[in-house]
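Engineer: Generate a structure from the sequence data that follows.
(chains A and B)
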Amino acid sequence: MSVPPRSPVITGLGIVSAPGFGTEEVWRAVSNGESGLKPLTLFQSPRYGQILTGEIQRDLLALGAPTRSSRSDKLGWLAARAAIADAKINFQTSGDRAGVLLGASVGGSYDSEIFLSTLLKQGKMRARPTRFHECVTTVDLIANEFGLFGPSMALATACSSSALAIAMAAEMILSGEADVMLAGGADSMSRMTWGGFHSLLLVDAAGCRPFDAARGGMSLGEGAAMLVLESEESARRRGAKILARLSGWGTSCDAYHATAPHPQGAGAAAAMQSALRRAGLEPAAIDYVNAHGTGTRDNDVAEAIALKTVFHNRVPPFSSTKRAFGHALAASGAMEAVVCVEALRRQELPPNPGFSKCDPAIGLEPVVEKRHASLTHVMSNSFGFGGNNGVLIFSRPETMPQTRAPKKIEVVVGGIGVIGPGNVTLKEIGAPLPPGKGLVHSCGALTEAVTLTPNQRRRLSRLQQMALITARQSHPPDASQRVAVAIGTGLGCMEDAGAFIENLVAKDEREPMPSRFPNSVHNSPAGQVAIDQGARGMNSAPTAGEITFECALWQGICQLATNEADLALAGAVDELDKYLLSIGQRWRAWDDTIKPGEGAVVASLAAAEQMPARLARVTIVKLGRYRRLFDAEREADWIASAVDLSQVGIILSGAKGFRQLEPLYEGVVTALLKRKKLELQTYKQKCGEFHAASAFGFSVAVNLARERNCGVLLYTLSLHGAKALCLVQPP
Amino acid sequence: MQISTHELKSKIIESLKLQDIIPEQIDDDAPLFGTGLGLDSIDALELVVLLERDYGIVIKDIEEGRPAFRSVKTLAEFIAAKRPQ
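Structural biologist: Purely as a prediction, here's the structure:
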């Protein structure tokens, strides 16, 4: 019997945050209980003024951050550079075995808001800032510049994003997809999140006071933190200094409400228990918990109940460091991971600034002053919108926890739901700017929406409804199974985000739209599907440009292979809205042969023995990145090394989409055809070009594999360097 | 100053996009949250926006509004008492 693998190790840390840049500065501030909060200066807030936030007030460009990028990109890039330097690693020869997994939720929103504001107030359209709108641009920037050509994606599950990203990076290493993963999170402040959290009345103008009896909400923040996560073998081979070990990780979903946590902290407790199981540790082994502790009434009570559920009457010393950083949303889990690793290295407990009086509803007191302690295993909690929970356990390097690698399982597709294109004119989408000629591929009105409950119909936008409907088509809700959900989106809910920001700008923050804001997060489709299906397993929303669907597929299969779920719902969804249409036309992204599209596809997946009635098998999902200097032969080698070409009859490529990608697809297909005679097919002529289009391609692949009784290789390239392979075989 | 509960119900239906319901079907004393109309915490925030937009009443802490959000009647009384003259 083979020896179980050892959990990955951490060999480098990089952090940029309000209280400091780099671990030394950050630890000095955090361990002394200093608040990094200062009055807001980044933008004018007519209604809320200059209240305390964790804003970074240094000149990012002077520090070397790239010019042509969003604020989030700059923060993420600086943290990545610092982590790589700390790990003393270079990817010159090992780049193919290294990837990037980033938690992000704001993306380029801060910069896009400037675009929208100029458009609305001055009628001028400066499309350039929107080039960096997507969350994944930070990943592409880092991976391309530092030369990490392995699997990469962004995960956008709101405030738990980077905890999930670090957990998934560990799975990437354990499954052998990579030796090194740069994992963390980056989020800048934005008017959207500022106005959004204020509209939910969740911001404490006096600064957050986590777990305190008089707490009145959270403080917003921004920043980035990156960890170099490495297989132990890789770290030892290159003689790296091992800072700590990532020994456990657990994810769960409350499946309860879009914004409110489960009142008893059920999902939070489940994620902590899952992380303990993964690490093979008893609760008593945990020496410190870095709490999510946002300072909102509901979070802190629910988290305290969850801590008591897991640790009973022996809750370890805990603290929230949110007053030091502000709540940096998707970056906060990674920033707190840095705090945990530093606490382990220095054998010190960081305090909980803002706490002075115990709340009887909580009944627990956090650490109030820095103190020495013997720390072996520490836990970090992150919880987000959609009841999305991620928990990490870090351990001293010399500990020897053994973990389980994903098993090789045969994965089958049980069902598939598709909302595909019909033909609707631009006018029906409501595009305000260039009228455009010809048709777009739009799903039109969702007539199936009648099957939704009245609350789902009134509250959910088209994007979430598309996800709900296709998820139900793929698998009817079944409470007896452990269900994981990975539904990605390239751009998220454009309709809600656009309306929210437009309203914010037009009315100077008056009359906000509190029900629009929770929909605007990228994980709102996945979160709503979880509530609808009662799915309490991992809940993820990958975002990775044109390979978004394949990333969701990888994550869904990972949950089956690690036996964290019996069923995985994997899919992708994107919608066309007026802004996207206008900007796309400005860029001439589309023409008479290639049209913009939209749609949703969700597939239900299970291990073969769990699902006797099946449509097809999915035998390979592989993610990577191509070089700027595109080498078609090298790409064909990559495919041939991952896939036994004798099992492939048809190659289904993402060609007939963005014209920049045409020569790339053509080169690779030509190179492949020299190796084996394959039939070439495309699908974008049917569905149009959009981020989730390869999900539609997957549904075509499933049909082709069945009809033609042969293996179908779905091959997708993204505009910014990512690539994906998926082999679909007949049932 | 008295507030017409009928008008208030119409505003609530519009602001919360309540489906398949007319003002006459909402009882003045019926609970708005939980069982009654099945509203949730996000609806409460939409009511906060409605109170400010239409009646000039600013609520900064949701706890302030909680007693008022029990029913249409309590909400009308709250508005009558708090509305700037």
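Engineer: need the contact list for the closest residue to chain B within the stretch 101-250 of chain A.
Structural biologist: Residue nearest to chain B within the stretch 101-250 of chain A (Cβ to the nearest Cβ): A:L201, separated by 5.1 Å. The way it works is simple: take the backbone N, C-alpha and C, and place the C-beta from them, glycine included. Residues in contact with A:L201 (Cβ atoms under 8 Å, 6 or more residues apart in numbering or on different chains) are A:217, B:45, B:48, B:59-62.
Engineer: pLDDT added to those residues, as CSV?
Structural biologist: Below are the contacts of A:L201 laid out as CSV (pLDDT from 0 to 100):
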residue, pLDDT
A:G217, 97
B:L45, 96
B:V48, 96
B:I59, 93
B:K60, 90
B:D61, 91
B:I62, 91
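Engineer: The residues you listed in strands, which ones?
Structural biologist: Per DSSP state E, strands hold no members of the contacts of A:L201.
Engineer: Buried among the residues you listed? Make that a ChimeraX selection.
Structural biologist: Remark: buried members of the contacts of A:L201, expressed as a ChimeraX selection using 16 or more other Cβ atoms under 10 Å in any protein chain shown:
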select /A:217 /B:45,48,59,62
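Engineer: What strand or helix carries A:P360?
Structural biologist: In this structure, A:P360 sits in neither a helix nor a strand according to DSSP states H and E.
Engineer: And for it, nearest residue in space, chain neighbours not counted?
Structural biologist: Excluding the flanking residues, the one nearest A:P360 by Cβ to Cβ, 6 or more residues apart in numbering or on different chains is A:A213, at 7.6 Å.
Engineer: Just the pLDDT at the one you found, thanks.
Structural biologist: pLDDT recorded at A:A213 is 98.
Engineer: A:C358 is in contact with that one, correct?
Structural biologist: Yes: judged on Cβ atoms under 8 Å, A:A213 makes contact with A:C358 at a distance of 6.3 Å.
Engineer: if we can go back for a sec, make a markdown table out of the contacts of A:L201 and add distance to B:A68.
Structural biologist: Listed next are the contacts of A:L201 as a markdown table, based on distance: Cβ to Cβ, whole Å:
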| residue | distance to B:A68 |
| --- | --- |
| A:G217 | 20 |
| B:L45 | 14 |
| B:V48 | 10 |
| B:I59 | 9 |
| B:K60 | 14 |
| B:D61 | 12 |
| B:I62 | 11 |
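Engineer: Which ones among the contacts of A:L201 map onto helices?
Structural biologist: B:45, B:48, B:62 (DSSP state H).
Engineer: now these as JSON lines including distance to chain A?
Structural biologist: Shown next, in JSON lines, are the ones in helices among the contacts of A:L201 (distance: Cβ to the nearest Cβ, whole Å):
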{"residue": "B:L45", "distance to chain A": "4"}
{"residue": "B:V48", "distance to chain A": "7"}
{"residue": "B:I62", "distance to chain A": "5"}
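Engineer: follow-up on the earlier one: now for the residue nearest to A:P360: which residues touch it?
Structural biologist: A:357-360.
Engineer: In chain A, which residue sits nearest chain B?
Structural biologist: Counting by Cβ to the nearest Cβ, chain A gets nearest chain B through A:P514, at 3.7 Å.
Engineer: Are we agreed that that residue is in a strand?
Structural biologist: No: the assignment for A:P514 is coil, going by DSSP: H, G, I helix; E, B strand; the rest coil, so no strand is present there.
Engineer: related to what we said a few turns ago, if you rank the contacts of A:A213 by neighbours, which is first?
Structural biologist: A:D359 (18 neighbours; other Cβ atoms under 10 Å in any protein chain shown).
Engineer: so how far is A:G207 from that residue?
Structural biologist: 17 Å (Cβ to Cβ, to the nearest Å).
Engineer: Then A:S694?
Structural biologist: Plainly put, A:S694 is 44 Å away from A:G207 if you go by Cβ to Cβ.
Engineer: Quick one: classify the spatially closest residue to B:S15 that is not a sequence neighbour as helix, strand or coil.
Structural biologist: Nearest non-adjacent residue to B:S15, counting by Cβ to Cβ, 6+ apart: B:L50, 4.7 Å away. For B:L50, the assignment made with three-state DSSP gives helix.
Engineer: For B:L50, give me the pLDDT.
Structural biologist: According to the prediction, B:L50 has pLDDT 96.
Engineer: sec struct for the residue lying closest to A:T259 once chain neighbours are set aside, please.
Structural biologist: Leaving aside its sequence neighbours, A:T259 sits nearest to A:P518 (Cβ to Cβ, 6+ apart; 4.9 Å). A:P518 carries the three-state label helix when classified by three-state DSSP.
Engineer: And for the one 4 residues further on?
Structural biologist: The local conformation at A:H522, judged by three-state DSSP, is coil.
Engineer: wait, it sits on A:A156?
Structural biologist: Yes: counting by Cβ under 8 Å, A:H522 touches A:A156, with 3.5 Å between them.
Engineer: intersection of neighbour lists for those two?
Structural biologist: A:105, A:135, A:489, A:492, A:541, A:543.
Engineer: What parts of chain B come near chain A?
Structural biologist: Counting by Cβ under 8 Å from any Cβ of the partner chain, the residues of chain B lying close to chain A are B:16-20, B:38, B:40-43, B:45-46, B:48-49, B:52-53, B:59-62.
Engineer: mind running it again at 7 Å?
Structural biologist: Contact residues, chain B versus chain A (Cβ under 7 Å from any Cβ of the partner chain): B:17-20, B:38, B:40-42, B:45-46, B:48-49, B:53, B:60-62.
Engineer: need the helix or strand of chain B with the lowest average pLDDT.
Structural biologist: helix B:62-65 (a mean of 88; mean pLDDT, DSSP states H and E).
Engineer: Where does the closest residue to A:T137 other than its chain neighbours fall, secondary structure wise?
Structural biologist: Excluding its sequence neighbours, the residue lying closest to A:T137 (Cβ to Cβ, 6+ apart) is A:D73, at 5.7 Å. If you go by DSSP H and E, A:D73 is part of helix A:71-87.
Engineer: For that helix, buried residues please.
Structural biologist: Judged by neighbour count (16+ other Cβ under 10 Å), helix A:71-87 contains these buried residues: A:71-84, A:86-87.
Engineer: Could you do stretch A:384-399 as well?
Structural biologist: Buried residues in stretch A:384-399, defined by neighbour count with 16+ other Cβ under 10 Å: A:384-397, A:399.
Engineer: end-to-end on it?
Structural biologist: 30 Å (Cα to Cα, to the nearest Å).
Engineer: Helices along chain B, start to end?
Structural biologist: So, for chain B - with DSSP H - the helices run B:5-15, B:41-55, B:62-65, B:72-82.
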